[in-house]
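>>> how would this look folded up:
(one chain, ligands or ions: 1)
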Amino acid sequence: MELNITCIPGDGIGPEIVAEAKKVLDAVAVRFGHTMKYTDILMGGASIDAYGVPLTDEAIETAKSADAVLMGSIGGNTTTSPWYKLPPNLRPEAGLLGIRKALNLFANLRPAVLYEELAGACPLKEEISAAGFDMLIMRELTGGLYFGERKTVEENGVLKAIDTLTYDENEIRRIAIKGFDIAMKRRKKVTSVDKANVLDSSRLWRKVVEEVAKDYPEVTLEHMLVDNCAMQLVKDPAQFDVILTENMFGDILSDEASMVTGSIGMLASASLNDSKFGLYEPSHGSAPDIAGKDIANPIATILSASMMLRYSFDLDKEADAIDNAVKSVLKEGYRTVDIMSAGCTQVGCKQMGDLLTQRI
Ligand code: NAD
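Numbers count the residues shown, from 1 in each chain. Presented below is the predicted three-dimensional model:
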């Protein structure tokens, strides 16, 4: 199979971690008989330096013509970098918002996995972390409170702010279908999170999710109120497989789930549209404080590449090969500095990429 991938190395550690992900993908191509075709585009600070804008129309067109996009990270030091003296619409992050919009990426996937070998980094009690966990938060990304009408008015000398939370059934249906499709590739359980005891938008959410569930008889569906879910994530995270939720709840819960893994350098993410197309990137930023030192952890980006194989190309065996390589390297005691612990062998970004490549 020929995989046509647009890469966005980006800023800071971005180019270093994307280079390692390409190395691992090339090893997958050799082992499984595929061809990887990469086209790099600039985005964020790198694009500002070259073209004066964080994302060009040409870059968007290149991304649109690919099967999937693999990204490092964009942005610089927000206090010292000259990029942050520019107006907001010309800063690095505007590139990210621009590409998400241009590619109509409405579904955000963030896996939160606690690897046995990294259980020490988990801030939860040992009896909870010992069970491990492997969940995926599926967050609606383009609707809800963040995109509803908002205004601030003054009534009788009193300031009043209004935000609107709107979802129509089509927006709910398309994210629910994504959630169930992905559950079918995992342990076949969906926890739909809402606030149906209070909000109309949540009651519609629940109704539509139940309709979609009828097409997936193998998947177990449960509903959970968002406040309970926030508690369950720290009390019993092992119960979750796919958590399906709307934009604001997903924003908060996905950060909570990330934090309980304790290792930012390990967290992958993906944003999908309604075809197989997706943008895959680590959850962390461009870490300008460690850029160019060959110490960044490339695993989050490499696991994002694994998600790309699984969700955009349906190459599950190939994705498993990457996931298993990560597990082996951790088991053998290799660690980048961010996940280092006593008795392990510290390696740099390139060496971690090499170790993973050898285990594909
Ligand atoms: P950050 O995630 O870049 O860094 C936070 C801390 O984690 C730093 O100490 C950093 O060294 C460390 N870290 C992050 N990734 C690491 C890795 N792979 N290996 C080892 N250590 C790692 O967050 P920040 O410092 O708040 O932001 C830096 C820049 O990144 C900002 O310009 C911000 O806007 C941008 N950012 C971009 C994205 C994106 O591109 N999607 C996301 C978040 C932040």
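>>> So Leu90 is in contact with Ser47, correct?
No. Leu90 lies out of contact with Ser47 (C-beta atoms under 8 Å); the separation is 10.2 Å. (Glycine included, C-beta is placed from N, CA and C.)
>>> Can you tell me who the residue lying closest to Lys22 once chain neighbours are set aside pairs with across the strands?
With sequence-adjacent residues excluded and distances taken as C-beta to C-beta, 6 or more residues apart in numbering, Lys22 is closest to Tyr38, at 6.4 Å. Going by DSSP bridges, Tyr38 is paired in beta bridges with Ile5.
>>> Apart from its neighbours in sequence, what residue is nearest Cys40?
Quick fix: residue 40 is Asp, not Cys. Asp40 sits nearest to Cys7 (C-beta to C-beta, 6+ apart), 4.9 Å away.
>>> just checking, that neighbour is part of a strand?
Yes. Counting by DSSP: H, G, I helix; E, B strand; the rest coil, Cys7 is located in a strand.
>>> May I have the residues that are in contact with it?
Val18, Lys22, Tyr38, Thr39, Asp40, Ile41, Val69, Leu70, Met71 (C-beta atoms under 8 Å, 6 or more residues apart in numbering).
>>> how many neighbours does the third one have?
Neighbour count of Tyr38, defined by other C-beta atoms under 10 Å: 15.
>>> likewise the fourth one?
Burial measure for Thr39: 13 neighbouring residues, criterion other C-beta under 10 Å.
>>> State whether it and Thr6 are indeed in contact, as I suppose.
Yes. Counting by C-beta under 8 Å, Thr39 touches Thr6, with 5.3 Å between them.
>>> Show me whatever sits in contact with both of the two.
By C-beta under 8 Å, 6+ apart, the residues touching both Thr39 and Thr6 are Thr62, Ala66.
>>> near the ligand, which residues of the stretch 51-200 of the chain show up?
Within the stretch 51-200 of the chain, the positions adjacent to the ligand are Ser73, Ile74, Gly75, Gly76, Thr78, Glu93, Leu96 by C-beta under 6 Å from any ligand atom.
>>> now the residue lying closest to Pro92 once chain neighbours are set aside: how far from Ala112?
Closest residue to Pro92 apart from its sequence neighbours, by C-beta to C-beta, 6+ apart: Gly44 at 3.7 Å. Distance, Gly44 to Ala112, by C-beta to C-beta, to the nearest Å: 25 Å.
>>> re the thing from before, so which of the contacts of Cys7 sit within helices?
Taking DSSP state H as the definition of helices, those contribute Val18, Lys22.
>>> Just the closest of the contacts of Cys7 to the ligand, please.
For these, the minimum distance to the ligand (C-beta to the nearest ligand atom) is 7.0 Å, reached by Met71.
>>> distance of the residue of the stretch 251-360 of the chain found nearest the ligand from Ser306?
With C-beta to the nearest ligand atom as the measure, Gly285 is the residue of the stretch 251-360 of the chain nearest to the ligand, at 2.5 Å. Remark: distance between Gly285 and Ser306 (C-beta to C-beta) = 20 Å.
>>> Looking at those two, which is more packed in?
Counted by other C-beta under 10 Å, Gly285 and Ser306 do not tie: Ser306 has more neighbours, with 28 against 18.
>>> Okay, domains of the chain per the record?
1-106+274-360, 123-261 (automatic domain parsing).
>>> Could you dump those domains into TSV and include mean pLDDT?
Shown next, in TSV, are those (pLDDT from 0 to 100):
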stretch	mean pLDDT
domain 1-106+274-360	96
domain 123-261	96
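>>> Packed most tightly, which of the ones you listed would that be?
domain 1-106+274-360 (a mean of 19; mean count of other C-beta atoms under 10 Å).
>>> what's the burial count for the residue of the stretch 101-250 of the chain found nearest the ligand?
The stretch 101-250 of the chain approaches the ligand most closely through Asn108 (11.1 Å), counting by C-beta to the nearest ligand atom. For Asn108, the count of nearby residues is 23 (other C-beta under 10 Å).
>>> which of the residues in the helix or strand hosting it are buried?
Under the criterion of DSSP states H and E, Asn108 resides in strand 107-114. Of the residues in strand 107-114, Ala107, Asn108, Leu109, Arg110, Pro111, Ala112, Val113, Leu114 count as buried by neighbour count, 16 or more other C-beta atoms under 10 Å.
>>> Please look at the third one and Leu267 and confirm they touch.
No. Leu109 lies out of contact with Leu267 (C-beta under 8 Å); the separation is 11.3 Å.
>>> Which strands or helices does the strand holding Asn108 pack on?
Counting contacts by 3 or more C-beta pairs under 8 Å, 6 or more residues apart in numbering; DSSP states H and E, strand 107-114 is packed against strand 133-140, helix 169-184, helix 247-261, strand 268-272, helix 299-312.
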